[in-house]
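1. got a sequence here, can you build the structure:
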Amino acid sequence: MYNKFRLEELPVVADLLLQLMNRDRQYFASFSSEFNDAYRANVQTQILRTQNLTPAQTISAEKSKLTSVRYQVMGEIMYILDRIDAYVRRASGQLNVHAGDFGIREAKQDLKRKNVEGSLMRIKEVEQNILVNLPALQIKGYKIELGEELQELTKKMAEMNLLKTEMLSRRKQLVIQNHTQYQMLWNYILEIADIGKLVMRLDQDKAGEYKFCNLLKHIRKPEAVLGDSSKQEHVEND
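-> Below you'll find the predicted structure:
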């Protein structure tokens with residue numbers, strides 16, 4: 001999309017072109033009065049905007065951390081379900097539902113598949129069966145605190161899943177916003193490079209400095225000098 005330039009290189013490319021434009025401003029001005037101080041200020045503003053953008057990767061990293069914690073919580077829920085299952089099987093003869101139909105197996109399957117929505121539904125089914133069969137389970141050692149811990153972890157898992165959805169939405173919006181800003185800067189880059197090559201055509205060395213291939217070599221090799229030393233001094237001091 002941006003020739004061979006990486007996104008993070010676009011502000012550097014634009015800044016280099018702006019230096020060249022300042023050096024050759026009389027040629028740009030003779031071509032069109034639009035290439036004035038206000039135009040150069042707009043380019044500089046757009047450079048700063050892109051430099052201050054929040055990378056979408058930032059949200060991706062946050063989502064990755066959240067996913068790791070969510071998986072840990074899901075593992076803790078699996079352990080609690082295993083403990084509840086042990087009580088269910090011990091009280092099998094006194095339950096109003098078959099132990100295999102308590103919903104625990106299905107809940108664990110959804111957890112293993114990382115299916116949060118499905119596991120939430122199954123866990124509610126388990127909690128309902130616990131409530132109906134509470135006396136029989138308590139006789140076998142089941143504690144109310146175990147169910148409360150299950151509810152707390154389930155709530156935490158649901159909240160993190162909602163946060164994940166919000167992060168995905170924010171990342172999508174951020175990508176769109178960033179693309180808009182980068183595209184605006186890219187349009188300036190294309191314009192300055194094209195006009196620069198045109199107005200400096202009689203000076204092949206200077207015209208060549210506006211070519212993307214030379215700009216790419218320059219930004220990928222920081223030690224390289226744009227043009228010869230006398231030209232670089234002219235760019236910096238003019």
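2. could you double-check that A193 sits in contact with E209?
-> No - checked against Cβ atoms under 8 Å, the pair A193 and E209 is beyond contact range at 9.7 Å. All C-beta spots, glycine's among them, are computed from the backbone N, C-alpha and C.
3. the two: who's more crowded?
-> When neighbours are counted by other Cβ atoms under 10 Å, A193 and E209 differ, and E209 comes out ahead with 24 against 21.
4. state the phi and psi torsions of that one.
-> Backbone torsions of E209, given as degrees, to the nearest 10, read phi -70, psi -20.
5. so what's it scoring on pLDDT?
-> With respect to pLDDT, E209 scores 95.
6. same deal with N3?
-> On the pLDDT scale, N3 gets 73.
7. does it count as helix, strand or coil?
-> With DSSP: H, G, I helix; E, B strand; the rest coil as the basis, N3 sits in coil.
8. isn't it up against F212?
-> Yes - between N3 and F212 there is a contact under Cβ under 8 Å: 5.2 Å.
9. from I59, how far out is T67?
-> Applying Cβ to Cβ, to the nearest Å, the value for T67 to I59 is 12 Å.
10. more crowded one of the two?
-> Comparing T67 with I59 by other Cβ under 10 Å, the one with more neighbours is I59, at 20 against 15.
11. which residues does the closest residue to that one other than its chain neighbours contact?
-> Spatial nearest neighbour of I59, excluding adjacent residues (Cβ to Cβ, 6 or more residues apart in numbering): R171 at 4.3 Å. Counting by Cβ atoms under 8 Å, 6 or more residues apart in numbering, R171 makes contact with A56, I59, S60, K63.
12. and the gap between R171 and G196?
-> 36 Å.
13. for the protein, what are the low-confidence residue spans?
-> The model of the chain has pLDDT under 70 over residues 1, 222-238.
14. list the buried residues of stretch 80-93.
-> I80, L81, R83, I84, D85, Y87, V88, R90, A91 (16 or more other Cβ atoms under 10 Å).
15. what are the contacting residues of it?
-> In contact with stretch 80-93 (Cβ under 8 Å, 6+ apart) are residues 95, 98-99, 102, 104, 107-108, 111, 123, 126, 130, 133, 136-137, 139-142, 146-147, 149-150, 153.
16. quick one: which of those residues sit in helices?
-> Counting by DSSP state H, the contacts of stretch 80-93 place 104, 107-108, 111, 123, 126, 130, 136-137, 139, 146-147, 149-150, 153 in helices.
17. kindly write the ChimeraX command that selects the buried subset of those residues.
-> Entered in ChimeraX, the line below selects the buried ones among those, by 16+ other Cβ under 10 Å:
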select :104,107,108,111,123,126,130,136,137,146,147,150,153
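18. between the ones in helices among the contacts of stretch 80-93, which is closest to Y182?
-> Taking Cβ to Cβ as the measure, L111 is the one of these closest to Y182, at 40.5 Å.
19. give the contact list for the closest one.
-> By Cβ under 8 Å, 6+ apart, the contact set of L111 is M74, I77, M78, L81, S119.
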